[in-house]
Structure formats: C-alpha cells, structure tokens
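Enquirer: Based on what follows, work out the 3D shape:
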Amino acid sequence: MIYTATFNPSLDYIVQLDTFTAGAVNRTKHERIFGGGKGINVSIVLHNLGVDSITLGFIAGFTGDEIERQVKSFGCKTDFIHLSDGLSRINVKLKADVESEINGQGPEIDKTSLKAFFDKLNQIHHEDVLVLAGSIPSTLPSDIYEKIMEHLADKSIKIVVDATCNLLLNVLKYKPFLIKPNHHELGEIFNTILTTDEEIISCAKKLQAKGAQNVLVSMAGDGAILITSDGKIYKSPVPKGIVKNSVGAGDSMVAGFLAGLLTTNNIEKAFKIGVATGSASAFSEALATKEEVMKLLQQL
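Expert: This next block holds a predicted model:
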C-alpha cells in the first residue's frame, strides 16, 4: 500500500482574471475550488492511474470537511486526523497577467494529535510506500520528517521525500528511497544556479552520497533526469503540449513514477510514466488522468 502525508492541506481557490489591479475591485473571469496539498495530489493522481493509496494528515473545521469530501469524491481513501480547533487553510491563487499566491497558515497541531498521527504510522508495513511531501506548518517540529523516518527505520519502508533545502537534506541520513527536487531547488541546496545536465547530475550524485537512493530531478520544459541507486542515469524530454496549470505537476510526476514502478517493476519505464504524468497535469486545468498520460507516453 502507498500512504501519502499532507501536514497542512488546503482548499485552493483558483481565480482567473484578465488583469489584477492592487487597491481596486477586481472581477473574476473564472474560478474553481480544489482540495489540495502535495500528498493529496499524489493520492488523487495515483487513483486516476488505478493505484490505491491512503491519505494521512490533519484537517480542521468546515474547510477541512470540504477537503476530505473532495478527496473522497476522487475515489481516494482517507485517514485524516480531525483537529478540534481552527480551520484548514485556504490558499488563493490569482491567475492574471502575472500569477500570484496568498497561502494561509492552517490550524495548530497539538501534541495529542501529533501522537495520534504517529500511532497511524504503525499501520504501515514492510515494503509499503510512504510519501512525505511539502512544507511543515509552524506548529510542528521542524525535524518532523526526521522523526517519522526514525520511527519507521526498522520496517524496510520505501519513503519518498519531496521537500526543499534543510527539510530534504536532514533526512538523507535515513536513506530515502526517492527524493524529487526540481532543478531550482537542487541549485538552492548547493547555493548555485544549475544550467547544464552535467551540473544537475553532479549535484544529484552528491545527494546520493549523503544517503538518497534514487534522485528524480524535474526541469520544467527541459524534461527530467533520474539517477538510480545502481548508478544509471536516464534523461527524458517533456512531451509536446501547452502548459495550462503548473500546480501539481511535480506531485503528479511522483505519482506517475510510483504507479509505473508498481505496475511494471521497471525503473526506466516508471521514469517515463512519471514524466508523462507530470506533463499531463501541466497541460490540463486539473490533475492528470490515465487517458491523458497514456496519450503523452506515446511521445516518449
């Protein structure tokens, strides 16, 4: 079974405008509301690809109820912890002549609820997969990813980490099965700007030397690179298409890779499915469907 963890899920209020003028009344052209979060996105795309998963995390208030309702409406299984106080956050994403985002803070997660989360982790068994994705709310310890991986260290669980900077670096000692930085995040880790494949591969190998088993680097329109635990290097361009919405593309790549690995047991095929899935989400207003992925996969 695959488990995904989203510590600060949200309702994403996506607003389309022709232009946005600060300090004035602006009228929307189109609007949508999605229950989201990086782990949730992974679970939704996994379901679209025919792979079951269970979404873990924390929700609160009527916004939390709506997040759970939407996740279930996609066919996903949920095992959220319901917090007694506060509201799950609302993130406003403005799409006009430029894109802007206003992200909420989210509810406070108390020690009792955090203990309940660790109790849920005990249901994860040998050879299951756990996806840890996204930032950590301020009410949780900054080393929560490390504590989770330490808690599960004796279970031979495949752990996937999609996080940035120190949140990612500090878990490498626990040898995560897969990490997925994009090329900008990879450059930030080493305080540089990466401009060539050789530079990206070199930095990815440095993360492997620190403990990461497989490193999947997304590069937006330039495709992706995978460096595997046995030293193989794969590169893929992206399929042709028009980018409509980049939100969730990286999460979709993770979902596609995992779905591909489970269904084919071939890491190269899994890589291509991951690239096609990330592209399918980027080329759509919603998250990738299996039909869209299979169509783009033919280009690769």
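
Enquirer: What about residue 73, how many residues nearby?
Expert: Using other C-beta atoms under 10 Å as the criterion, residue 73 is surrounded by 10 other residues. C-beta here means a position set from N, CA and C on the backbone, and glycine is covered the same way.

Enquirer: That one and residue 227, how far apart?
Expert: To residue 227, residue 73 is 37 Å away according to C-beta to C-beta, to the nearest Å.

Enquirer: which stretches of the protein form strands?
Expert: Remark: strands assigned in the chain by DSSP state E are 2-6, 10-16, 30-36, 53-60, 77-78, 81-83, 89-95, 99-102, 129-133, 158-162, 178-179, 214-218, 224-227, 233-236.

Enquirer: and those strands as a markdown table, adding mean pLDDT and mean neighbour count?
Expert: Listed next are those as a markdown table, based on pLDDT from 0 to 100; neighbours: other C-beta atoms under 10 Å:
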| stretch | mean pLDDT | mean neighbour count |
| --- | --- | --- |
| strand 2-6 | 96 | 25 |
| strand 10-16 | 92 | 19 |
| strand 30-36 | 89 | 17 |
| strand 53-60 | 96 | 25 |
| strand 77-78 | 96 | 15 |
| strand 81-83 | 97 | 17 |
| strand 89-95 | 91 | 18 |
| strand 99-102 | 88 | 12 |
| strand 129-133 | 96 | 25 |
| strand 158-162 | 96 | 23 |
| strand 178-179 | 98 | 26 |
| strand 214-218 | 97 | 25 |
| strand 224-227 | 98 | 24 |
| strand 233-236 | 97 | 16 |
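
Enquirer: Kindly reformat the ones you listed as TSV containing distance to residue 261.
Expert: Formatted as TSV, the entries for these read as follows, by distance: least, C-beta to C-beta, whole Å:
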stretch	distance to residue 261
strand 2-6	10
strand 10-16	28
strand 30-36	24
strand 53-60	13
strand 77-78	20
strand 81-83	29
strand 89-95	30
strand 99-102	32
strand 129-133	9
strand 158-162	9
strand 178-179	9
strand 214-218	10
strand 224-227	11
strand 233-236	13
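
Enquirer: Compare the ones you listed and give me the one nearest residue 190.
Expert: The stretch from those with the least distance to residue 190 (C-beta to C-beta) is strand 214-218; that distance is 12.6 Å.

Enquirer: Quick one: list the elements packing against that closest one.
Expert: Contacting strand 214-218 under the criterion 3 or more C-beta pairs under 8 Å, 6 or more residues apart in numbering; DSSP states H and E are the following elements: strand 178-179, helix 183-189, helix 197-209, strand 224-227, helix 249-264, helix 267-282.

Enquirer: 7 Å instead, please
Expert: For strand 214-218, the helices and strands in contact under the criterion 3 or more C-beta pairs under 7 Å, 6 or more residues apart in numbering; DSSP states H and E are strand 178-179, helix 197-209, strand 224-227, helix 249-264.

Enquirer: Show me the one of those that comes nearest residue 46.
Expert: Taking C-beta to C-beta as the criterion, helix 249-264 is the member of these that comes nearest to residue 46, at 4.8 Å.

Enquirer: What residues of the closest one count as buried?
Expert: When neighbours are counted by 16 or more other C-beta atoms under 10 Å, the buried residues of helix 249-264 are found to be 249-262.

Enquirer: Format these as CSV; extra columns: pLDDT.
Expert: Below are the buried residues of helix 249-264 laid out as CSV (pLDDT from 0 to 100):
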residue, pLDDT
249, 92
250, 93
251, 95
252, 97
253, 97
254, 97
255, 98
256, 98
257, 98
258, 98
259, 98
260, 97
261, 97
262, 95
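
Enquirer: closest to residue 90 among these?
Expert: For residue 90, the nearest member of the buried residues of helix 249-264 is residue 251. The distance, counting by C-beta to C-beta, is 19.1 Å.

Enquirer: isn't that closest one right next to residue 41, touching?
Expert: Yes - Residue 251 lies in contact with residue 41 (C-beta atoms under 7 Å); the separation is 3.7 Å.

Enquirer: Once you drop chain neighbours, what's closest to residue 219?
Expert: Nearest-residue entry for residue 219: residue 183, 4.7 Å, with adjacent residues in sequence omitted and distances by C-beta to C-beta, 6 or more residues apart in numbering.
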